[in-house]
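# Sequence and predicted model, in that order:
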Amino acid sequence: MKIEIWSDVVCPWCYIGKRRLERALGEFEHADEVEIEWRSFQLNPGAPDRAVPTLEYLARRFGPQAQAMVTRVTELARAEGLDLNYDTALSVNTLDAHRALHLAAGHGLAGAAEERLLHAHFTEGADLSDPDTLARLLGEVGLDPDRVRAVVTGTEYADAVRAEAEEAVALGANGVPFFVIDRAYGIPGAQPAEVFLGALRKAYADRD
């Protein structure tokens, strides 16, 4: 069974959805038969290259509602064991981060790389548009930092990132996270773990 996950590393709901899926997999009787494949989707492909404090970005985009949105998502994340620190988080253009994740996938490290970048963005205030930062973070999960730096300062995987985003839209996604099980079941958003578990069991039963 394959689960494809379209996600962005600056998306809090993607982080929450990841944890909820992991919780569901912990209860799924056939979890050892599940393969997870991470896919790229930029929430804001037109974001500037320069990092901007996330609170500042959200205030410009959503006005007075921004603080209430941050408070709500932080509380929901905390319930999943996640510490979202919006006081230090930086909004960035994530194209380079996604290109680096494609490199990680080619070395069998996609899951570890995704987790590392999510944590770095939301908890450590890392600038995920900075080549040296990406090289350091992905070096921690087993990639060659020099190779990471070469990728993110060039153009490798850019077409693949855009193609995956287009594929998500073709499958019916209008945002992320977006989960697809065996190309037969689409699950939009950070659904409760019980929803993921029910979908996993149904998809597994329908395989016959």
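Yes, it's here.

# how many neighbours does Ala68 have?
Neighbour count of Ala68, defined by other CB atoms under 10 Å: 10. Glycine gets a C-beta too; all of them are placed from N, C-alpha and C.

# For Ala100, what is the enclosing helix or strand?
Under the criterion of DSSP states H and E, Ala100 resides in helix 95-106.

# List the buried residues of that helix.
Leu95, Asp96, Ala97, His98, Arg99, Ala100, Leu101, His102, Leu103, Ala104, Ala105 (16 or more other CB atoms under 10 Å).

# For the fourth one, give me its contacts.
Taking CB atoms under 8 Å, 6 or more residues apart in numbering as the criterion, His98 is in contact with Asp8, Val9, Ser40, Gln42, Tyr157, Val161.

# Show me which of those is closest to Gln65.
Nearest to Gln65 among these: Asp8, at 20.7 Å, using CB to CB.

# Next one: the closest one from Glu114, what distance?
Note on Asp8: its distance to Glu114, by CB to CB, to the nearest Å, is 10 Å.

# follow-up on the earlier one: now do the helix holding Ala100, average pLDDT.
Average pLDDT, helix 95-106: 98.

# so what's Gly125 closest to, chain neighbours aside?
Thr88 (3.0 Å; CB to CB, 6 or more residues apart in numbering).

# hey, where'd the strands end up in this protein?
For the chain, the strands defined by DSSP state E cover 2-7, 35-40, 52-53, 90-91, 178-181, 185-188.

# In TSV, list the ones you listed along with mean pLDDT and mean neighbour count.
Below are the strands of the chain laid out as TSV (pLDDT from 0 to 100; neighbours: other CB atoms under 10 Å):
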stretch	mean pLDDT	mean neighbour count
strand 2-7	98	21
strand 35-40	98	18
strand 52-53	96	14
strand 90-91	96	22
strand 178-181	97	23
strand 185-188	95	16
